[in-house]
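Enquirer: Got a sequence here, can you model it:
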Amino acid sequence: MADIKKKHKFSFRKLVYNDRYLIACSIIAAVVIWVVTSMNLSPETTKKITVPVSIDFTDTLAEQLGIDYYGNSELTVEVTISCKKYLAKDIDETDINASLQTSNVTSTGYLSVPIEVTPADNNAEFSIASYFPASAQGYYDVAQQQTLPLELNYTNESFAADGYVVGDVAINQNMVIVDGPRTYMSNVAKVVADITLENGLTESQRIDLQPKAVDENGNPVNYVSVNIPEGENVVATIPILKVQNLKPAVSFVSGPENAADFLDVDYSVNTIQVGALESSDLKVLNLGNISFAELNIGKNEFEFETDKISGIKVLDGTEKIVVTVTVPDDYATKDISIYRRDIKPELDNYNVDITGISSNTIRIVANESVIDTIDKSSLVLSLAPLDGEDTINEKTAVCKLSVAVNTQGNSWVIGTYTVNVNVTPKDK
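Expert: I've put the predicted structure just below:
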């Protein structure tokens, strides 16, 4: 039979007389005793911490009266705490609550309101020894808002170089909201933003503005601020325009492309002095478009107001320019009758039923040498969306009647024509 190993019984006596075990136990016991003793017998110390003061009017009489605080919005208090020395390094401002006792505010005016400082945790292992200041002074009044236009105040007026002028300034927020205590808001005369630019500028400038509310003497009004949404800026774009003398011109649309070859065009002024961006490289001043649909035989006059021409600033005082377009005497008119059945719209996805037409007569202007050859078969009638609409669909009730004249000479259609329609989707 194999030898059977004897089981070793646990002997506390042998363990006690084991030197290595006694040494290990002694070290552990010493460490535990040292830690416990250090925690209990650690000396008291103090520490100063700067804590922000919260201002909250929730559920107070001041809130019901609409009273708000105006003063230093970043109030802080220096708090001295008392604690065990080994805890001091881990305590910071997040462990302390400091708040303005807004429940004491029951009227408007310049008041001194107590500050309350307490540990954030009721079971905190420190105490508040002292804090300063114990109160905060500020102005309390009913809040008021007002929307005012923003004005620019240039500290140097002549910043454009010789031969250049300042164009119309664009501000991304022409109106701003001003808020503050009711008593001081009555002193606000306007909102301004000061701008200082370099002299001799030839290029446009983009400036971030700092609006401020001022009184009638231009002095900032206390406690009143301009409310700019967080993350947004008030920006002014100041165009610097080159002075140029340009000849007026117009473009002709909805007719022959060679208008300059047979029309006599006269302008009430030969040139006009304007300021324009140098990069636009203008050769003429384009007043706008003239449609052939408005040109009859003989003289036709069109007025263009210069303040409606984009991209320029008129410098010589010209307010309007009259353009006279003369259609030669060797042109004639001809009326051609049409009917609803003559209009055959073709739309890929819709059926179109013509229910009405604004006129059964189309007036044509053409050179006398070709006008006799023009009849209804020379007309191409199609539908187009009305101005401002993108497409024709089942919501369309009225369309524009587009008329093209199929002839060799110069010709066009006078007037505009519309048709009433009923549009339905095609069966798939």
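
Enquirer: Can you check which strand is longest in this structure?
Expert: Secondary structure of the chain per DSSP state E: the longest strand is strand 135-154.

Enquirer: so what does the very next helix or strand once past that one touch, helix or strand wise?
Expert: Heading C-terminal from strand 135-154, the first helix or strand you meet, by DSSP states H and E, is strand 164-166. With contacts defined as 3 or more C-beta pairs under 8 Å, 6 or more residues apart in numbering; DSSP states H and E, the packing partners of strand 164-166 are strand 240-253. (Each C-beta comes from the backbone N, C-alpha and C, glycine too.)

Enquirer: The strand it packs on packs against which elements?
Expert: Applying 3+ C-beta pairs under 8 Å, 6+ apart, we find strand 240-253 packed against strand 164-166, strand 264-267, strand 272-276, strand 284-291, strand 298-305, strand 320-327.

Enquirer: Spatially nearest residue to Ile357 (excluding sequence neighbours)?
Expert: The shortest distance from Ile357 to any non-neighbouring residue, by C-beta to C-beta, 6 or more residues apart in numbering, is to Val419 (4.9 Å).

Enquirer: er, Cys399 actually
Expert: Using C-beta to C-beta, 6+ apart and skipping residues adjacent in sequence, the residue nearest Cys399 is Leu383, 4.4 Å away.

Enquirer: for Asp329, same thing?
Expert: If you skip the residues right next to it in sequence, Asp329 has Ile297 as its closest partner in space, 7.3 Å away by C-beta to C-beta, 6+ apart.

Enquirer: cool, and Lys247?
Expert: Leaving aside its chain neighbours, Lys247 sits nearest to Val284 (5.2 Å; criterion: C-beta to C-beta, 6+ apart).

Enquirer: now swap in Thr373 and tell me
Expert: In space, Thr373 comes closest to Thr407 once its chain neighbours are excluded; the distance is 6.6 Å by C-beta to C-beta, 6+ apart.

Enquirer: So that neighbour belongs to a strand, correct?
Expert: No - with DSSP: H, G, I helix; E, B strand; the rest coil as the criterion, Thr407 is assigned coil and is not in a strand.

Enquirer: Please report how far it lies from Val327.
Expert: According to C-beta to C-beta, to the nearest Å, Thr407 stands 16 Å off from Val327.

Enquirer: can you check Gly415 too?
Expert: From Gly415 to Val327 the distance is 15 Å (C-beta to C-beta).

Enquirer: Which of the two has more residues huddled nearby?
Expert: Between Gly415 and Val327, counting by other C-beta atoms under 10 Å, Val327 is the more crowded of the two (20 against 13).

Enquirer: The residue nearest the centre of the chain: what's it in contact with?
Expert: Centroid-nearest residue in the chain, with C-alpha atoms, centre = their mean: Asn172, separated by 6.5 Å. Listed by C-beta atoms under 8 Å, 6 or more residues apart in numbering, the contact set of Asn172 reads 233-236.

Enquirer: how about Val53, what does it touch?
Expert: Contacts for Val53 were tallied using C-beta under 8 Å, 6+ apart; they are 75-77, 98-100, 115, 136.

Enquirer: From Ala136, how far out is it?
Expert: For Val53, the distance to Ala136 - C-beta to C-beta - is 7 Å.

Enquirer: and Tyr331, how many residues sit next to it?
Expert: By other C-beta under 10 Å, 22 other residues sit near Tyr331.

Enquirer: OK, contacts around it?
Expert: 297, 365-368, 410.

Enquirer: before we move on, back to that, list the residues that contact both of Val53 and Ala136?
Expert: Both Val53 and Ala136 are contacted by 75, 100, 115, under the criterion C-beta under 8 Å, 6+ apart.

Enquirer: which one among those residues gets closest to Asn219?
Expert: Of all those, the one with the least separation from Asn219 (C-beta to C-beta) is Leu75, at 25.6 Å.

Enquirer: show me what contacts the closest one?
Expert: 52-53, 55, 100, 115, 136.

Enquirer: now swap in Ala136 and tell me
Expert: With contact taken as C-beta under 8 Å, 6+ apart, Ala136 is in contact with 53, 71-72, 75, 100, 112-113, 115.

Enquirer: From those residues, pick the one nearest Gly200.
Expert: Closest to Gly200 out of the contacts of Ala136 is Asn72 (42.6 Å), distances taken as C-beta to C-beta.
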